[in-house]
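K.L.:
Pasted the sequence and its predicted model underneath.
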Amino acid sequence: MDESVVIVGAGIGGLSLALSLHARGVRVTVLERAAELREVGAAVALSANGLRPLDELGLLGELEKVSAQPTELIHRGWRDDERVTAFPVGSDGSYRRRFGAPYLGIHRAEFQRVLAGACPAGMVRLGCEVTAVDPDGTVTLASGERVRGSVVVGADGVHSRVRSVVDPAARPRYTGTSAFRGIVDVADAPLLPDPGAIQFWMGPDAHVLHYAIGPHAEQINFFAVLEGPDPWTGETGPTETDPGTLARAFDGWSPGVVQMLTAVPQSPRWPLYTLPPMTRWSRGRVVLLGDAVHTMLPHHGQGANQSIEDAAVLADLLAAPGALDGGHTAAFDRYQRLRRARTRSIQRSSLVTSGLLHLPDGPAADARNAGLTGLDPWLTWIHGVDARADTRPVPA
């Protein structure tokens with residue numbers, strides 16, 4: 001058996017794993033269906049728990065050059081600009097001092113460019129559609145080619161093909177909520193208060209998250225979430241919907257929010273999924289990573305960051321002596337033990353948060369707001385955790 005790792009999917013998790021393994025001297029091949037690497041979605045928020053492993057790979061400086069650091073974290077109601085909470089982030093450097101890395105907003109295309117650019121030539125193979133994966137480590141491509149590795153990692157997202165090898169019954173579940181995305185020039189949203197902050201606007205049956213991106217914080221990425229439709233009757237991915245759907249849903253909201261949401265053409269509507277907890281993350285020589293094994297709602301901004309954590313931990317375990325020479329089962333078992341409870345808790349919390357953000361005006365919303373003012377705004381249990389604490393090699 002070839003002592004190498006084959007990764008299916010060149011997204012954030014797959015590329016992070018490839019770079020982490022390469023840094024430890026493991027041979028890696030990444031198989032990507034697309035003929036060219038391109039963005040999916042608009043932007044991504046990178047919190048300290050995701051950035052620390054990338055900093056250990058020497059990538060933080062490059063990422064900071066093309067990112068924006070939010071000034072504050074702000075929660076607001078839906079009718080006006082009154083703040084419910086406001087906590088400093090980049091404005092005073094407290095977040096970085098506390099958690100050892102910044103909080104960044106970055107365009108997905110730029111993020112992918114940085115990750116792919118750090119991969120050595122030939123590591124990422126484009127235009128390779130995977131049609132079958134065997135538990136023995138054999139991957140079959142649409143071309144008929146077979147690629148073998150000591151380990152195959154499914155990093156192919158929410159609608160993973162590799163997941164069916166591990167558990168054919170595991171399916172992502174539509175949550176009854178959907179979202180519209182967009183990127184707006186700051187100059188086109190002059191009514192929006194504090195455009196450099198990361199902000200949640202909370203209202204009945206909807207919420208909006210937005211944050212600045214770009215090296216000069218010159219653009220705003222927004223993510224507008226609505227209840228419904230239920231059931232989802234379109235494709236499994238984004239679907240075009242009636243023009244004006246987004247604008248109508250936020251009619252009567254703060255003028256700054258309405259201006260931002262209508263400053264660009266309406267995007268397709270994205271169904272939001274979660275994945276019921278899987279009892280097994282691997283089978284034979286095949287193991288799952290990121291959205292393929294723990295798809296979660298984005299309301300804690302942790303989809304990408306948890307994929308990076310997965311990658312860092314799995315890389316440590318696979319790079320250990322003997323892991324690729326018969327020791328993969330023990331490595332997979334430990335990986336699942338270390339990652340399952342943490343990712344499940346974030347999944348659950350994201351589901352609860354969805355409902356809290358969509359409360360109508362009234363006593364329940366008032367209680368939520370009171371809780372937010374006393375809440376540790378950075379969710380130390382997420383951002384402060386060192387995912388590699390139990391796997392990082394001890395220096396000789």
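P.N.:
That came through, no problem. Residues are numbered from 1 along each chain as shown.

K.L.:
only C-alpha atoms for contact and neighbour calcs from this point on.
P.N.:
Fine.

K.L.:
So which bits of the lengthiest strand in the chain are buried?
P.N.:
In the chain, ranked by residue count with DSSP state E as the criterion, the top strand is strand 173-185. If you call a residue buried by 16 or more other C-alpha atoms under 10 Å, then strand 173-185 has these buried ones: 174, 175, 177, 178, 179, 180, 181, 182, 183, 184, 185.

K.L.:
Show me what it packs onto, helices and strands only.
P.N.:
Using 3 or more C-alpha pairs under 8 Å, 6 or more residues apart in numbering; DSSP states H and E as the contact definition, the elements that strand 173-185 packs against are strand 219-227, strand 270-274.

K.L.:
Can you point out the buried residues in the longest one?
P.N.:
This means strand 219-227. Within strand 219-227, the residues that qualify as buried are 219, 220, 221, 222, 223, 224, 225, 226, 227, counting by 16+ other C-alpha under 10 Å.

K.L.:
Can you give me the distance of the fourth one to residue 389?
P.N.:
Going back to what we said before, that points to residue 222. Distance, residue 222 to residue 389, using C-alpha to C-alpha, to the nearest Å: 34 Å.

K.L.:
next one: the third one
P.N.:
With the distance defined as C-alpha to C-alpha, residue 221 ends up 33 Å from residue 389.

K.L.:
Residue 384: what's it in contact with?
P.N.:
48, 49, 99 (C-alpha atoms under 8 Å, 6 or more residues apart in numbering).

K.L.:
now the residues you listed in TSV, with pLDDT, distance to residue 336 and neighbour count?
P.N.:
Rendered in TSV, the data for these read as follows (pLDDT from 0 to 100; distance: C-alpha to C-alpha, whole Å; neighbours: other C-alpha atoms under 10 Å):
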residue	pLDDT	distance to residue 336	neighbour count
48	97	22	26
49	98	18	25
99	95	25	19
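
K.L.:
Residue 286: which of these is nearest?
P.N.:
For residue 286, the closest of the contacts of residue 384 turns out to be residue 49, at 25.9 Å, with distances computed as C-alpha to C-alpha.

K.L.:
wait, isn't the closest one in contact with residue 305?
P.N.:
Yes. Counting by C-alpha atoms under 8 Å, a contact exists between residue 49 and residue 305, whose distance comes to 6.8 Å.

K.L.:
which helices and strands does the lengthiest helix in the chain pack with?
P.N.:
Of all the segments of type helix in the chain, defined by DSSP state H, the longest one is helix 328-357. Contacts defined by 3+ C-alpha pairs under 8 Å, 6+ apart place helix 328-357 against helix 291-294, helix 303-318.

K.L.:
Please repeat the previous calculation with a cut-off of 7 Å.
P.N.:
Contacts of helix 328-357 with other secondary structure elements, assessed using 3 or more C-alpha pairs under 7 Å, 6 or more residues apart in numbering; DSSP states H and E, are made with helix 303-318.

K.L.:
Just want the angle from the helix it packs on to helix 328-357.
P.N.:
With axes from the mean of the first three to the mean of the last three C-alpha atoms, to 10 degrees as the basis, helix 303-318 and helix 328-357 are set at 160 degrees to each other.

K.L.:
So which elements touch helix 303-318?
P.N.:
Using 3+ C-alpha pairs under 7 Å, 6+ apart as the contact criterion, the elements in contact with helix 303-318 are helix 12-23, helix 48-56, helix 328-357.

K.L.:
Tell me how far the last one lies from the chain's centre.
P.N.:
Taking C-alpha atoms, centre = their mean, to the nearest Å, one finds the center of helix 328-357 at 13 Å from the center of the full chain.

K.L.:
what angle sits between it and strand 270-274?
P.N.:
Taking the same axes, to 10 degrees, helix 328-357 and strand 270-274 form an angle of 120 degrees between their directions.

K.L.:
Just the buried residues of helix 328-357, please?
P.N.:
328-329, 331-332, 334-336, 338-340, 343-344, 346-347, 350-351, 354, 356-357.

K.L.:
Buried ones in stretch 311-325, by neighbour count?
P.N.:
Those buried within stretch 311-325 under the rule 16+ other C-alpha under 10 Å are 311, 312, 313, 314, 315, 316, 317, 318, 319, 320, 323, 324.
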